[in-house]
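A.B. asks: sequence unavailable; structure follows:
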């Protein structure tokens, strides 16, 4: 089911982070995990889904993504750890 979402991928616990937005979280994360997407995530091995939030519409998801991208690293780490303190890969939970 398609639903706008903002997500954060990580290479490992406290590793390299990537913030993205999509209309289909499961498909998009699968693309990152399988290196279908050229660019940052493929180059840096950023494949673990460590945070996501669902939105009612794409406009609000895009606004939130832009805000998160401007956050400093410490704020992003705190956000992840509030939802996912063990840094589990959440991919299976969205299938």
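C.D. replies: Nice, I can see it. Here the structure is a predicted model, which is why all the values come from computation and not from measurement. Numbering: from 1, shown residues only.

A.B. asks: you'd agree residue 9 is in a helix?
C.D. replies: No: counting by DSSP: H, G, I helix; E, B strand; the rest coil, residue 9 falls outside a helix, being strand.

A.B. asks: what's the neighbour count on residue 84?
C.D. replies: Residues near residue 84, counting by other Cβ atoms under 10 Å, number 19. C-beta: built from backbone N, CA, C; applies to glycine.

A.B. asks: hmm, I typed the wrong one, I wanted residue 30.
C.D. replies: Residues contacting residue 30 under the criterion other Cβ under 10 Å number 16.

A.B. asks: what distance do you get for it to residue 70?
C.D. replies: For residue 30, the distance to residue 70 equals 27 Å [Cβ to Cβ, to the nearest Å].

A.B. asks: any idea how far the longest helix seen in the chain is from the middle of the chain?
C.D. replies: As assigned by DSSP state H, the longest helix anywhere in the chain is helix 58-70. Relative to its parent chain, helix 58-70 has a centroid offset of 12 Å by Cα atoms, centre = their mean, to the nearest Å.
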